[in-house]
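Asks: Everything below, folded, please.
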Amino acid sequence: MNIKQLMPISFAAIALSLGACATTGGGSDASHLAAYTPYLQPAVKSIRYTQARNWEKITDQHVLLETRPNEQYLLKLDGPCLQFSNGSPSLIVDAHMTGMLSAGTDRIGTMDSRITCLIREIRPLDYAAMQAGKGS
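Replies: Numbering: from 1, shown residues only. Below you'll find the predicted structure:
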């Protein structure tokens, strides 16, 4: 499949592909999402974004995106679109503004699927509080 088939044509659009360890961990999707919920901050419209360090599929409609060490965001998607085969999947990020990732306009998907999903919400994760909570 050609990457150009996955992206709408736009001068401002960019696509970044990265290999990552995308797992859903143990337990159900709901319990996996619930583990992050207490550490989520209010939604933001956009974040500075050039490349992801890592990403994790939390549910069919939620992705945890790490942009820098100790800087993570929970992305809520408009539908299930993270289809991938065995191996290390590549995440495709289609952002309309270079250096930014915005809810309501930007999309993500994987190389293994023709489907991309609109990012509906971006919520910063309080990583320090989460790590402190794990230690207690």
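Asks: Quickly find the element holding residue 80.
Replies: Using DSSP states H and E, residue 80 sits in no helix or strand.
Asks: Next: residue 112.
Replies: Short version: residue 112 belongs to no helix or strand, going by DSSP H and E.
Asks: hang on, isn't it packed against residue 89?
Replies: Yes. Residue 112 is in contact with residue 89 according to CB atoms under 8 Å; the separation is 6.4 Å. All C-beta atoms are positioned from the backbone trio N, CA, C, and that covers glycine.
Asks: Comparing these two, which residue is more hemmed in?
Replies: residue 89 (22 against 16; other CB atoms under 10 Å).
Asks: so how far is residue 35 from that one?
Replies: 22 Å (CB to CB, to the nearest Å).
Asks: just checking, residue 55 touches residue 65?
Replies: Yes. With contacts counted by CB under 8 Å, residue 55 reaches residue 65, the gap being 5.1 Å.
Asks: is it true that residue 65 touches residue 52?
Replies: Yes. With contact defined as CB under 8 Å, residue 65 counts as touching residue 52 (5.4 Å).
Asks: neighbour-wise, which of those two wins?
Replies: Per other CB under 10 Å, whichever of residue 65 and residue 52 has more neighbours is residue 65, with 24 against 21.
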